[in-house]
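Peer 1: Need a 3D model of the following:
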Amino acid sequence: MNSKMNASPRPPEAMDELAMQNAIRKRYCRDWANTILQLTKRVQAVNNRWAQITDKICRIDNCRVSYYRSDGDFVVEVRIGDEVEAHAIHLEELIDARQYIEVLVMDKLSGSKLIAKHLDKLDSRKMELPG
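Peer 2: Predicted coordinates:
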């Protein structure tokens, strides 16, 4: 026998899950295609930014990036040879932006003067090479 035939009918006051989801969709978003497109664009932008940062780090010999907690801060550290650059993010800021932590870390790495300095050295060496 079909199991649905044996199932007792749902009480009329019970909320239909699909109907509830549809009501939420209609109430809060009338343009789902655009919403999904915007979310996809954000994910792509973050991935592209990480790719740029990773490319910079990989182009520099002995470049290391680490993070740790120190004195109530979350610290993103860039180390190239003996040079060290530390970027502190206060824990309150970290907690407030926890959904977007990757953006905070990317901002610190994008603004790294140490990485920029070493990339400039690499670029100047390339220009000096003949041919």
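Peer 1: Centre-most residue in this structure?
Peer 2: Taking Cα atoms, centre = their mean, the centroid of the chain lies closest to Glu102, which sits 3.6 Å from it.
Peer 1: dump the residue contacts of it.
Peer 2: 46, 50 (Cβ atoms under 8 Å, 6 or more residues apart in numbering). C-beta here means a position set from N, CA and C on the backbone, and glycine is covered the same way.
Peer 1: 10 Å instead, please
Peer 2: By Cβ atoms under 10 Å, 6 or more residues apart in numbering, the contact list for Glu102 reads 46-47, 49-50.
Peer 1: Out of the residues you listed, who's the most crowded?
Peer 2: Arg49 (16 neighbours; other Cβ atoms under 10 Å).
Peer 1: Checking the closest residue to Ile53 other than its chain neighbours next. Helix, strand or coil?
Peer 2: When the adjacent residues along the chain are set aside, Ile53 lies closest to Leu109, with 5.0 Å between them (Cβ to Cβ, 6 or more residues apart in numbering). Three-state assignment for Leu109 (DSSP: H, G, I helix; E, B strand; the rest coil): helix.
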